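> coordinates for the following, if possible.
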Amino acid sequence: MRILIFVTRQLCYNSGRYFAEKIIEALQNYGCQCEFCEIPEYSIPSAGTEIAQPASINSDKIIERSAEDLLQRYVNKKFDAIIDFNSKLPRLIMDDDSYYLDNIDAPFYNFILDHPLYHHTTLSCRLNNYYVFSVDGNHCEYIKKYYPWIKDAYQINLGAEHVCTSDINKKEKNILFMGTFRKPDVYMKHILRCGIREKNDMLSMIDRIMNNEELSIEDSINIEPKAELLNKYYLVEMYIRNYYRKKLIDTLADNGFPLKIAGEWWEKYDKSCKKNVKIIKPVSFEKSFEIIAQSRVLADSSPFFKMGVHDRIYAGMANNTVVMTDSNKYRMNILDNVAEMYSINDVDDICAKADKLLNDTAYYENMVYRAHEEYKKNYTWNNVGERIIKHFLSE
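Numbers count the residues shown, from 1 in each chain. Next up is the predicted model:
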């Protein structure tokens, strides 16, 4: 099989290139011929607005010549599949008003790594041969319902890399959190400045979600057109994501647990000066595994993957670092006995789980073993490559 893999966005911590390289390596291990094309980050203009717009509105925006030359080389070429990550490509339109991707003889797979509400523009482009990969099953169903011109959406988890070589008993006895932080109040101020209807809708969504840990953002509103409104109300996702991150870290910090935090903007966290809180500089994605491997526990908060798992969980499993993550029914099923799950609204539960992982050596070592065996069985990059090829062959 001949696979063309693009990177048109670098994503957080330069993760786009990393994901592409690992998937290419895995596909090549299964005999695929892969061609890689990285488009400079700002060569393809973004939509120019926080709210998604139809592709036609942006079709007159100029692409840098270097990017245009790179893209032109694939016109009228044939591949078995094209992959890009949170792609900008679906919006590109040729001089004859046809979509750029329709001028390559290949099915296009947009690997969406966050909630599809952020990709309304590109999902709205009616390509002839459009598929989606997503890390969350609910997101797949959402895409199939609200973007019916997309031929199918498949759940594909990301993989992780094993770099840990040291004795697990020599790990730093702390809880690591990796991820970006923005003060949730910033988003609430934006919400409160919106029009009456928009403000009330978003406040109602937040209230429903916070009173039901199983409720997804797409199920928190029943007003149509839902896809357009969710995109417009993206502040709800941003607010809750950061609110829950702060709530988790506040709980651990206030109860004296040793914390190590890596990510953008944590220097603005109001408890960053506490003696048990250590803020370190953000690192590139490929270096993150080394940081994860140093710590005994990795804390995760990913409230809007109700039918999926964030890749940092697999990174912990790969590197003998036990993960504690927010609980939902899906994770209770697939991560049972390989990760510790907490209720974000239960301070005592969070503290009890954290204490057990840091201080109960036998419990910790048993979970490390089970999690690493599960990683080797299901969550290596070769596992990811195998699942991707199966979907290619099914079309």
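
> please name the residues that touch Asp80.
Asp80 sits next to 1-3, 106, 392 when contact means C-beta atoms under 8 Å, 6 or more residues apart in numbering. All C-beta atoms are positioned from the backbone trio N, CA, C, and that covers glycine.

> just those residues: which are in strands?
2-3 (DSSP state E).

> any of the contacts of Asp80 buried? List them.
3, 106, 392 (16 or more other C-beta atoms under 10 Å).

> run through the bridge partners of the first one.
I take that to be Ile3. In this entry, Ile3 is beta-bridged to Cys34, Ala81, by DSSP bridges.

> burial count for Thr251?
Neighbour count of Thr251, defined by other C-beta atoms under 10 Å: 19.

> next one: the one 4 residues further on
Neighbour count for Asn255, taken as other C-beta under 10 Å: 14.

> what sits against it?
Contacts of Asn255 (C-beta under 8 Å, 6+ apart): 347, 351, 354.

> also Phe111?
The contact partners of Phe111, taken as C-beta under 8 Å, 6+ apart, are 19, 83-87, 132-134, 156.

> can you check His120 too?
52, 227-228, 230-231.

> now it: phi and psi?
phi -60, psi -40 (degrees, to the nearest 10).

> just after the longest helix along the chain, pick out the following helix or strand.
Longest helix in the chain, counting residues (DSSP state H): helix 234-254. Towards the C-terminus, the helix or strand next in line after helix 234-254, according to DSSP states H and E, is strand 259-262.

> show me what that following strand is packed against.
strand 172-178, helix 234-254, strand 277-280 (3 or more C-beta pairs under 8 Å, 6 or more residues apart in numbering; DSSP states H and E).

> among the ones you listed, which is nearest Tyr314?
Among the helices and strands packed on strand 259-262, strand 172-178 comes nearest to Tyr314, with 12.9 Å by C-beta to C-beta.

> quick one: average pLDDT of that closest one?
Strand 172-178 shows a mean pLDDT of 97.

> kindly report the same for stretch 82-89.
Rounded mean pLDDT across stretch 82-89 is 96.

> dump stretch 365-372 to CSV, keeping only the CA atoms.
Taking Å, rounded to 0.1, in the frame of the first residue of the first chain, the C-alpha atoms of stretch 365-372 are listed here in CSV:
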residue,chain,number,x,y,z
GLU,A,365,4.2,-2.7,41.7
ASN,A,366,1.3,-5.0,40.8
MET,A,367,-0.5,-2.2,38.9
VAL,A,368,2.8,-1.3,37.1
TYR,A,369,3.2,-4.9,35.9
ARG,A,370,-0.5,-5.2,34.7
ALA,A,371,-0.5,-1.9,33.0
HIS,A,372,2.8,-2.5,31.1
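
> state the mean pLDDT of that stretch.
In this model, stretch 365-372 carries a mean pLDDT of 97.

> can you check stretch 332-340 too?
Here the average pLDDT along stretch 332-340 is 96.

> ok, Tyr13 - contacts?
Tyr13 neighbours (C-beta under 8 Å, 6+ apart): 282-285, 288.

> so how do I select the buried members of those in PyMOL?
To isolate the buried ones among these in PyMOL, judged by 16+ other C-beta under 10 Å, type:
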select buried, resi 282+283+285+288
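
> residues near the residue lying closest to Ser284 once chain neighbours are set aside, how many?
Excluding the flanking residues, the one nearest Ser284 by C-beta to C-beta, 6 or more residues apart in numbering is Asn14, at 4.9 Å. If you count neighbours by other C-beta under 10 Å, Asn14 ends up with 15.

> who's in contact with Asn14?
284-286.

> could I get those residues as JSON lines with distance to Pro116?
Formatted as JSON lines, these follow (distance: C-beta to C-beta, whole Å):
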{"residue": "Ser284", "distance to Pro116": "26"}
{"residue": "Phe285", "distance to Pro116": "22"}
{"residue": "Glu286", "distance to Pro116": "26"}
